[in-house]
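Visitor: Pasting the sequence and the predicted model now:
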Amino acid sequence: MAEQNGGIPPANLNGISRPGRGGVVVKPKNMKGTLVRLWNLTRGSRRGLGWILILSALGSAAAILSPYMTGRAVDTIAGGDALLAVLLCLCGLYIGDWLVKFLQQFLMASVGQRIIYHIRRALFEKMRSLPLSFFDRRQHGELMSRLTNDVDNISTTISNSLTLLLTYGFTIVGILVMMLILSPVLTLVALVGVALIFLLTRTVTRHTRKLFAAQQKNLGILNGHVEESISGLFVVKAFCREEQMERQFEEKNDALCRVSIRALVWSGYLMPLMNVINNLCYLVIAVLSGVLYVKGMISDIGLITSFLLYVRQFTRPFVEIANIYNNFQTAVAGAERIFEVLDEEPEPADRADALALPSPSGEIILDHVSFGYTPGKTVLRDVSLSIPAGTQVAIVGPTGSGKTTVINLLTRFYDVTEGRILLDGHDLRDYRMAHLRDAFGVVLQDTALFADTVRYNICYGHEDATDEQMHEAARTAGADSFIERLPRGYETVLGQGGAELSQGERQLLTIARAVLANAPILILDEATSSVDTVTEQKIRRAMQKICENRTSFIIAHRLSTIRDADLIILIENGQIVESGSHDTLMAQDGIYAAMYRTQTGTL
Amino acid sequence: MKLIVRYLRRHLGIFLISTMFLTMEAMADLLQPTFMSYIVDEGVEQADIGRTLFYGAVMLGIALVGAVSAVMRNNFASRTSQTIGKELRRDMYHTVQGLSLENIDRLQPSSIITRITNDVTQIQEFINSIMRMMVKAPITCVGAVILIIVQTPRQAPVMLVILVIVSLLILGNVKIGYPRFGTVQKKLDRLNGVSREFLSSVRVVKAFHAEEEESEKFDNASRMFAGANTSALRAMAIFAPLINLTVNAGIVILLWISRDQRSAEIGKLMASVNYMTQVLFAVTMISNAINTAVRAMASSARIEEVLNEKPAQVPPALPEKPELRGEVCFENVTFRYAGAGKETLKNISFHIGAGETVGIIGPTGCGKTTLVNLVPRFYDATGGRITIDGCDVLQIDEEWLRTAVAVVPQKALLFSGTISENLRWGRQDADDRTLRAAAHAACADEFIEKTEQKYNTLLDQGGVNLSGGQKQRLSIARALVREPRILILDDCTSALDAQTESAVLGGLRSMAYGMTVLLISQRISTVMKADRILCLDNGVMQGYGTHEELMQNCATYREIYESQIGGARNG
């Protein structure tokens, strides 16, 4: 059904919403508080925002005045008076309306985007300051959607619905006033009509909301099935499960289709019924005004015309406001999720008297260190260890024993729960964070490469490195030969995550990156785990070279790779169970020796 | 577009019925202002209550007919669009299940998933909007124009001019707006890319304390995104109010033209104004519909690509179901991935006796996985042939073949459902004892027993609530439940520590007794004890024989051995 806003169309045609559709409303926890905080984020755009609000108030003027003017025009036509003046007024009104609408939307385009940009920036600035634990606890996809979609949705919805709410609010009040001036009796009839429509909307949406929620749920189930069966198609085929999967899919597909049809059919009742009520209301008013006109209680026909035009426009803002308010609520709830991130505790700031760390020697002492990622669940228990400067330390132990945790503590990705870690005689927490992180060169388990040039990746964090330094680092890491074979050498742009390189090549690049950083302390976390043994040898030779005269930590599954370390530490269940050189540990004939034998197959 | 027509044709009956109701609905909408004008002209103004009531009743009747038509139209339209959506999803899913892995590699699983989910939704929306707008808007438009011309002929020229201007404005909006929204999409992709990269390498960012650089990158991306958005929205800000203004100007002109009309025409004038609004509405609807149409077009092309995909592998014309014992023979086998420049496997020939265990070793990317994938026909050799018990795998019934061959892939993939449901993927009718025995052999029983629901423990999608090692063990148990003739283990113990690995391999040995086993591993200690070892490098077979034989005559094998164990002997 076409919207029947009878006479003059100043309403915003861009924002046609469909009542009864947007079923799922998420209620905000603290509407007022969130709105205040949102308002605070608009600093810098307030003047623009103010203009927009004024414009949206002005925007309702046309809706309020034009039926009256039209009625006057009709009167003058009927009465043969000077029509020109009235029409000029109407013209002025429309041009004014156009100007207001244009300015409002034009302003909104830049102001809205500026606000979005600022919120997004604030969010990112916050994120980059957050400790690693924040990222470890959350799914990246979810955080990403907060950074991109959420910010967009929230800001556009909030700003759009705010202006629309204002416009419609003014329109309702304005029209009501005009109608009351024209005829209080007829206004009463119009209000009864609005009440009826309200009742109808509530009844229908109460029903459709449930159905749309069910539709959403079914859609989720179906998408989940598609996702897992398509990405696991290899296994499906290996086990000849195609038919079963198709059957399961079909069940879910049918269920979704059924519930969707029901939801759509139900929501389809709303508009037609509303239209009938609207018409009924119109008719009653027409008849009534006819009677009043006959009885001489209404003086002119123009008044009736104006009034009938108002009636046509009166109901729509009510329905729209209900809709917009729902969207508004959902958006505010979304904003709360953004504030959740903004409220996170950042990494502790450097103390005012934080120490500089110009050139650490690399002497490290772990002093009764205990740590747990979640309270009550200790991963490291009372670990003490003294590492003289320049020592090559290897950490071994079964999966989940706490090897990576040691690295996380050394680099202050996490802080110890109890005890302390000393570097060159001072607690890690006494140093400036930036200096501390500079002191460590790390090659991590996952080779994080950026979709940029090879040069960018090697010089990451040290953009001022010279070509000479870069080549030297690549050479030391043994990465130069494959880089030179790339189509554009060091200027080759890598795909996301360095997709076109082999795992070994990616590993070599990250090692080159660590070499370039030229840090006094090196950390290699399973750096060679997914590389074949021949490449691993190359990497090891490179490592050997750069580990000279540096304190270094190596974590490895393959014991063969760490045989030459000065100190081997075996961690099990968060505690150091054995430590010493390879030969000492083999002589001890303990757990390490047993592990070594099973791995190498020698007895 | 052809695709949509093809599916719509299947529901042509319902579609036509719904178009019929749509027409009635549009007519009802169109007639209402006319009767309203009668109410004013002949009822209210003549102070004739009887006439007012009469026309009022007619108007209400028309409104009711319109409402019923709208409800029916919505009913049929929803049914059609949702059913077509369902059929599209079903057909795509069916096609994909029948495709070879080669096709899947080309289309990318993630892309197939979005096609089945998002793109189909786009089409549904579009079909819904065809019914709601595309058919209705022209009817309304034409009808309103005709009514104006019939009722007040002198207004026709004004109407036409207004309509032409509005159409031009909409065209301009499309021309200027679309490219801008295209840019917005591109900038959004970039913003997404930067965010994803930051999140997945946050450790490195912090370790190299490059937060500043990341901020700059992100700032740039989001600034460009905001800029693109502003420009697109500004284009919109120019056109939408202009369209409004044009129609409003039309109303003023109509009023001016009617200046010498006498009172009898007031109602008609109102009706004209009303029709103008309806025309405006219809036109806006059309421009919205063009929007959905453009998106639906892109979606339908993407869907069609999947539906038209032909399986890369052809099933045998006369599939054989021979008794399989597990003797595998590669004869001069060569393989090249579709679109790849060079061959992944070159002239490989070897023979595995039934019940033998063969270890396969070689550097990463040398073709080990590709080699074993040829046995159950996940891919077909591009040269040479593979036989099982003397029968070419290409001639064997696919299901027959894959029932005889069980694979434990590198990446342990489990599915939502209970643990026992997952294990029964191996064999639907396996009894509990078989499940337990398999879980025991794979060393999975200890952690399964520790869970509260034991074998009825529900796994989330992809088994995310399990550790890597647990998943690998379940995946091994699943293959064992199959009791295959040939068992392929593709480096499937990588997440296990050395002790657990050797326990799992021990368990396998007892359970897999009599099976032909192909065992891929990075660790030489794992394959050393196999009956024979195949050493691969760069797609070429470097050696095939026992550990002792290879130590003597295979340089690559010796090199691997030296790198992993050699040193241990010397000290």
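Guide: Looks like it came in fine. Numbers count the residues shown, from 1 in each chain, chains lettered A, B, ... in the order given.
Visitor: from here on, contacts and neighbour counts on C-alpha atoms
Guide: Will do.
Visitor: now the helices for the stretch 451-600 of chain A?
Guide: Secondary structure of the stretch 451-600 of chain A (DSSP state H, counting those that start in this stretch): helices located at A:454-458, A:467-477, A:480-485, A:503-517, A:533-547, A:582-588, A:591-600.
Visitor: how about stretch A:235-244 as PDB, C-alpha atoms only?
Guide: Below are the C-alpha coordinates for stretch A:235-244, written out as PDB (Å, rounded to 0.1, in the frame of the first residue of the first chain):
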ATOM      1  CA  VAL A 235      36.300 -34.300   5.500                       C
ATOM      2  CA  VAL A 236      32.700 -34.600   4.400                       C
ATOM      3  CA  LYS A 237      33.900 -36.100   1.100                       C
ATOM      4  CA  ALA A 238      36.500 -38.300   2.800                       C
ATOM      5  CA  PHE A 239      33.800 -39.900   4.900                       C
ATOM      6  CA  CYS A 240      31.100 -39.900   2.100                       C
ATOM      7  CA  ARG A 241      28.700 -37.800   4.200                       C
ATOM      8  CA  GLU A 242      27.400 -35.700   1.400                       C
ATOM      9  CA  GLU A 243      23.900 -37.100   1.500                       C
ATOM     10  CA  GLN A 244      23.600 -36.800   5.300                       C
END
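Visitor: Give me the distance from it to the chain's centre.
Guide: Taking the mean of its C-alpha atoms, stretch A:235-244 sits 36 Å from the chain's own mean (C-alpha atoms, centre = their mean, to the nearest Å).
Visitor: Report the rounded mean pLDDT for that stretch.
Guide: Summarised as a single mean, pLDDT over stretch A:235-244 is 79.
Visitor: What residues sit buried inside it?
Guide: If you call a residue buried by 16 or more other C-alpha atoms under 10 Å in any protein chain shown, then stretch A:235-244 has these buried ones: A:235-242.
Visitor: what does stretch B:97-115 give?
Guide: By 16+ other C-alpha under 10 Å, the buried positions in stretch B:97-115 come out as B:97-104, B:109, B:112-115.
Visitor: so what secondary structure elements neighbour the one helix or strand residue B:290 maps to?
Guide: Counting by DSSP states H and E, the element that carries residue B:290 is helix B:266-307. If contacts are counted by 3 or more C-alpha pairs under 8 Å, 6 or more residues apart in numbering or on different chains; DSSP states H and E, helix B:266-307 sits against helix B:2-10, helix B:12-38, helix B:49-98, helix B:120-129, helix B:136-151, helix B:156-200, helix B:211-257.
Visitor: Rebuild those as a markdown table, extending it with mean pLDDT and distance to residue B:410.
Guide: Output for those, formatted as a markdown table (pLDDT from 0 to 100; distance: least, C-alpha to C-alpha, whole Å):
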| stretch | mean pLDDT | distance to residue B:410 |
| --- | --- | --- |
| helix B:2-10 | 85 | 39 |
| helix B:12-38 | 84 | 49 |
| helix B:49-98 | 86 | 21 |
| helix B:120-129 | 84 | 33 |
| helix B:136-151 | 80 | 56 |
| helix B:156-200 | 80 | 23 |
| helix B:211-257 | 83 | 34 |
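Visitor: what's the residue closest to the geometric middle of chain A?
Guide: residue A:146 (1.1 Å; C-alpha atoms, centre = their mean).
Visitor: I'd guess that residue is in a helix, am I close?
Guide: Yes: the assignment for residue A:146 by DSSP: H, G, I helix; E, B strand; the rest coil puts it in a helix.
Visitor: State the distance from it to residue B:195.
Guide: 10 Å (C-alpha to C-alpha, to the nearest Å).
Visitor: Give me the common contacts of these two.
Guide: Common contact partners of residue A:146 and residue B:195 (C-alpha atoms under 8 Å, 6 or more residues apart in numbering or on different chains): none.
Visitor: residue furthest from the geometric center of chain A?
Guide: Outermost in chain A, C-alpha atoms, centre = their mean: residue A:295 at 65.1 Å.
Visitor: hey, which of the helices of the stretch 451-600 of chain A is tucked in deepest?
Guide: Neighbour counts (mean count of other C-alpha atoms under 10 Å in any protein chain shown) averaged over each of the helices of the stretch 451-600 of chain A peak at helix A:503-517, with a mean of 26.
Visitor: Can you list the helices and strands that it packs against?
Guide: strand A:440-443, helix A:454-458, helix A:467-477, helix A:533-547.
Visitor: repeat that with 7 Å
Guide: For helix A:503-517, the packing partners by 3 or more C-alpha pairs under 7 Å, 6 or more residues apart in numbering or on different chains; DSSP states H and E come out as strand A:440-443, helix A:454-458, helix A:467-477.
Visitor: Give me the distance from the second one to the chain's centre.
Guide: Spelled out, that is helix A:454-458. Centroid separation for helix A:454-458 versus its chain: 28 Å, with C-alpha atoms, centre = their mean.
Visitor: Any chance you could list what contacts that helix?
Guide: A:449-450, A:470, A:490-494, A:509, A:512-513 (C-alpha atoms under 7 Å, 6 or more residues apart in numbering or on different chains).
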